[in-house]
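# Could you look at this predicted model? Sequence included:
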Amino acid sequence: PFDVLVVGGGPAGASAAIYAARKGIRTGVVAERFGGQVQDTMAIENFISVKATTGPKLVASLEEHVKEYGVEVITEQRAANLIGAEETDDGYIHVELASGAVLRARSVITSTGARWREMKVPGEQAYRNKGVAYCPHCDGPLFKGKRTAVIGGGNSGIEAAIDLAGIVEHVTVLEFADTLRADQVLIDRANAIANIDIITLAETTRVLGDGDRVTGLEYRDRRSGELHQLAQAGIFVQIGLVPNSEWLNRSKVALSERGEIIVDAHGATSLAGVFAAGDVTTVPYKQIIIAMGEGAKASLGAFDHLIRHPAP
Ligand code: FAD
């Protein structure tokens, strides 16, 4: 069995694994895809101390760093359930994989990340990272001086619009419903900014592009049923971030209303010996540097647990 088993191989998981392995304890990582969301990222300009890099480059260095410490990395395996130590016959925490295999560990760090909710319209996949973006903190500056749209008028959409308005030439917010769902203070702020337009009852139907990059979008006016096209260099999709926590639904790990794993200041979950870090948790602001910090914290939390609880 592992002393620390990390489920998820994104920045949070990689950081947790390195911190654990440096304590000289048996550490494993099980992940569907090493690197997580970072694999899908083209330009990274806010990973402090590295002025600019790409997702695949950062993932390669993460992997190299993890492998430096003899961490057992198991990829292309999906965790399907977790059973707490109190409920297993051998006193170890069990992580059941979709393949049917069971991994046993004295402590588990879950860092299975999240995924952006997609519009699921033609062109979205083809122009992902070519104008279709999901993270204004990350990609906003790439659209400096250009026209951009924000899809979604909830808090994250209106925050994105306010953030982008200071960087880009013009922002158009498209909201499906007849009213914005964001907090009134944010709506008031956005309404007061000259280069933000808000269109309600707008259903985005298509991402338009020239083969290389986004050139605009098409939406249906839900009042009249008419289709309209808007010229845009960028489209920020802000319709929600979904935590990859479904695999814990049958476990006793407490989740928030939004499905995020509830963690305390040490990264501990509601279940003894189970810690969590990164985008899958309730910790706000989903960013690489934050996920790494949280991964380190959860790992130190797990180590504290191990030195207080002897092996079964
Ligand atoms: P993730 O990176 O989501 O990794 C999750 C890991 O868990 C993966 O290995 C996955 O395969 C695995 N996994 C999931 N479910 C299971 C399961 N059931 N069993 C086993 N394994 C599982 N942040 C920045 O700071 N700067 C940027 O420039 C930036 N740009 C971004 C651009 C894009 C397009 C996207 C999508 C995100 C961007 N982000 C950026 C956000 C950043 O990528 C995330 O905050 C960060 O990757 C979160 O790390 P994580 O380790 O918590 O989760």
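That came through, no problem.
# With adjacent residues omitted, what lies nearest to the most centrally placed residue in the chain?
Among the residues of the chain, the one closest to the centroid is residue 114, at 3.8 Å (C-alpha atoms, centre = their mean). Distance criterion C-beta to C-beta, 6 or more residues apart in numbering; nearest residue to residue 114, sequence neighbours excluded, is residue 279 at 3.9 Å. C-beta coordinates here come from the backbone N, C-alpha and C atoms, glycine included.
# Distance of that neighbour relative to the ligand?
Counting by C-beta to the nearest ligand atom, to the nearest Å, the gap between residue 279 and the ligand amounts to 4 Å.
# Look up phi and psi at that residue.
phi -60, psi -20 (degrees, to the nearest 10).
# show me what contacts it?
For residue 279, the contacting residues are 10, 12, 37, 113-114, 241, 243, 286, 291, by C-beta atoms under 8 Å, 6 or more residues apart in numbering.
# let's see it at 7 Å
Residue 279 is in contact with 113-114, 243, 286, 291, counting by C-beta atoms under 7 Å, 6 or more residues apart in numbering.
# In CSV, list those residues along with distance to residue 167 and secondary structure.
As requested, the contacts of residue 279 are exported to CSV (distance: C-beta to C-beta, whole Å; DSSP: H, G, I helix; E, B strand; the rest coil):
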residue, distance to residue 167, secondary structure
113, 27, coil
114, 24, strand
243, 28, strand
286, 20, coil
291, 24, helix
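# are any of the residues you listed buried, and which?
Neighbour-count burial (16 or more other C-beta atoms under 10 Å) applied to the contacts of residue 279 gives 113-114, 243, 286, 291.
# Of these, just say which sits nearest to the ligand.
Nearest to the ligand out of these is residue 113 (C-beta to the nearest ligand atom; 2.0 Å).
# Make sure that closest one is actually in contact with residue 11.
No - using C-beta atoms under 7 Å, residue 113 is not in contact with residue 11, being 8.9 Å away.
# Show me the common contact partners of the two, please.
36, 278.
# Please identify the buried residues of stretch 165-180?
Using 16+ other C-beta under 10 Å as the test for burial, stretch 165-180 gives 165, 167-168, 170-176, 180.
# From the residues you listed, which land in strands?
170-174 (DSSP state E).
# Point out the residues in the stretch 51-200 of the chain that sit beside the ligand.
Contact residues (C-beta under 6 Å from any ligand atom) of the stretch 51-200 of the chain with the ligand: 78-79, 111-114, 116, 134-135, 138.
# Only the buried subset of these, as a ChimeraX command please.
Selection of buried members from these for ChimeraX, criterion 16+ other C-beta under 10 Å:
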select :79,111,112,113,114,116,134,135,138
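# and which of the residues of the stretch 51-200 of the chain next to the ligand is nearest to residue 258?
residue 114 (10.1 Å; C-beta to C-beta).
# residues touching the closest one, list them.
By C-beta under 7 Å, 6+ apart, residue 114 lies in contact with 241-244, 279-280, 286.
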